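> quick one: sequence and predicted model below, then my questions.
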Protein chains: 2
Amino acid sequence: MNLLPKGPARGDARKVLLDVTLTLVRKQGWSATSIDQICRAAGVTKGAFFHHFASKEDLGVAAARHWDEVTTPLFAGAGYHHVPDPLDRVLAYLDFRVALAEGSLPDITCFAGTTVQETYASSEAIRAACGKVIMDHAARLAEDFSAAIEKHPPRQSVSADSLALYTQTVLQGGFVLAKAKGDNAPLLDGIAHLKRYLELLFR
Amino acid sequence: MNLLPKGPARGDARKVLLDVTLTLVRKQGWSATSIDQICRAAGVTKGAFFHHFASKEDLGVAAARHWDEVTTPLFAGAGYHHVPDPLDRVLAYLDFRVALAEGSLPDITCFAGTTVQETYASSEAIRAACGKVIMDHAARLAEDFSAAIEKHPPRQSVSADSLALYTQTVLQGGFVLAKAKGDNAPLLDGIAHLKRYLELLFR
DNA sequence: TGACGAATACCGACCGGTTGGTATGTACTC
DNA sequence: GAGTACATACCAACCGGTCGGTATTCGTCA
């Protein structure tokens, strides 16, 4: 019989390890999450781990890319893309982020933001991988900002890239404040201020 | 003779341990910083450490309070307090933060923000201590926002507390993005957007 | 179709070093 | 001489990582 331990099916170990890594690191941070713990949670042994990843640092880089592969379809498939006006589309993106913010903190925060805070000085590879995820996400948002600037000339001269990066700044900061307060409110509040900024700037 | 190791003078161990903790944690994160490493950098043995702190968690709480004791005089003694108009005072506070942002990342980032990201789910004591530092700092800023709202009625109704917290959100998010990019620019850019928001809102 | 060797996926024991923490001893101060 | 402020030695558990082995899958050629 041998029912209980029940690891993943053959061939799935890598994906399960990456999924588990995202979950554990978002809750405990990067350094506090050990390879043993990841293996236990994934129902896999250390041998399997080091078959797929050369080191913990290698896992960090792979997990950042996996985070990108998980979140990109989530945003790409969201309804706000169908809003015709680019400014309204950006505001709808923020409404979507508000909807995502309903949930417990470990589920709504950003793997890349959490991890890069701990590794920016100790692992250039992980820092770069996390940075790329955030910058790529911002770059996609910048396209909408660019169209919004063209269609609705803002009161003051601002660049699309800068606005997109500022949006990520507010979100990442919202995560930090939410963790500090033990409550989503600062995150929701931050998004509300950002929306007001955009409306003051563009209308 | 016995010159080389040269620890701190008798009675100074606790303060040195706390100072070293702030430095190391801001660079490496909380979990990646070990008690042994802190003792080595402080020129003190483990016996001294556990004489002053009951556990690593206890150190975390004490370090958060120490962070408050270090930063509060820094802001209290800054020139922006002498700006007569409350709105200009807030904007001068942000200019002061821009000035602080010139420097290498480990020196300009926030101990409380860094630490709380790693500990919010694993240590309620550290989370609360870090949260209090941030909220107290915001509360002091909220007084200026309150006066600014009274003197310069904003275009839209906003609360002073919310604006003060949003300011901290932008700063904390700026730290994260700066670490992710390996460059202060997103932090400076974020503060610039925040200033524009306040000017659009209040003038 | 099936036999077979190679590559892949995974297991679990083991290693040296480090972790947070303790127990005991000692020098200095009041 | 009593309390404070350290130093030293030590511990079990855990850390990231290695290694020899096994089970499964796959390409290939008869």
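Looks like it arrived, so ask away.
> surely A:Ala160 meets A:Ser146?
Yes. With contacts counted by CB atoms under 8 Å, A:Ala160 reaches A:Ser146, the gap being 3.9 Å. Where C-beta positions appear, they are placed from N, C-alpha and C, glycine not excepted.
> okay, these two: which has more neighbours?
Neighbour tally, A:Ala160 and A:Ser146, criterion other CB atoms under 10 Å in any protein chain shown: the higher count belongs to A:Ala160, 20 against 16.
> need the pLDDT of that one.
According to the predicted model, the pLDDT of A:Ala160 comes to 98.
> mind checking the longest helix of chain A?
Across chain A, the helix with the greatest residue count (assigned by DSSP state H) is helix A:124-151.
> any residue of it up close to DNA strand D?
No. Helix A:124-151 lies out of reach of DNA strand D by CB under 7 Å from any atom of the strand, never closer than 12.0 Å.
> just checking, what packs against that helix?
Other elements packing on helix A:124-151 under the criterion 3 or more CB pairs under 8 Å, 6 or more residues apart in numbering or on different chains; DSSP states H and E are helix A:56-76, helix A:86-100, helix A:111-119, helix A:160-181, helix B:160-181.
> buried sites along it?
Of the residues in helix A:124-151, A:126-135, A:137-138, A:141-142, A:144-149 count as buried by neighbour count, 16 or more other CB atoms under 10 Å in any protein chain shown.
> what does chain A have sitting close to DNA strand C?
Contacts of chain A with DNA strand C, taken as CB under 7 Å from any atom of the strand, map to A:7-14, A:44-48, A:50-52.
> residue ranges with poor pLDDT in chain A?
A:1-5 (pLDDT under 70).
> in it, what residue lies closest to chain B?
Residue nearest to chain B within chain A: A:Gly173 (2.6 Å; CB to the nearest CB).
> and that residue, what is it in contact with?
Listed by CB atoms under 8 Å, 6 or more residues apart in numbering or on different chains, the contact set of A:Gly173 reads A:190, B:168-174, B:176.
> distance of it from B:Ala138?
For A:Gly173, the distance to B:Ala138 equals 12 Å [CB to CB, to the nearest Å].
> overlap of the contact sets of these two?
Taking CB under 8 Å, 6+ apart as the criterion, A:Gly173 and B:Ala138 both touch B:Gln168.
> out of the residues of chain A next to DNA strand C, which sit inside helices?
For the residues of chain A next to DNA strand C, secondary structure assignment (DSSP H) places A:13-14, A:46-48, A:50-52 in helices.
> nearest to DNA strand C, of the contacts of A:Gly173?
Among the contacts of A:Gly173, B:Val176 lies closest to DNA strand C (CB to the nearest atom of the strand), at 23.6 Å.
> for DNA strand C, give me its nearest residue in chain A.
As assessed by CB to the nearest atom of the strand, DNA strand C sits closest to A:Gly47 within chain A, at 1.8 Å.
> picking up where we left off before, of all the helices and strands packed on helix A:124-151, which lies closest to A:Arg40?
With respect to A:Arg40, and counting by CB to CB, the nearest of these is helix A:56-76 at 14.9 Å.
> close to DNA strand D, is that closest one?
Yes. On the criterion CB under 7 Å from any atom of the strand, helix A:56-76 is in touch with DNA strand D at A:56-57.
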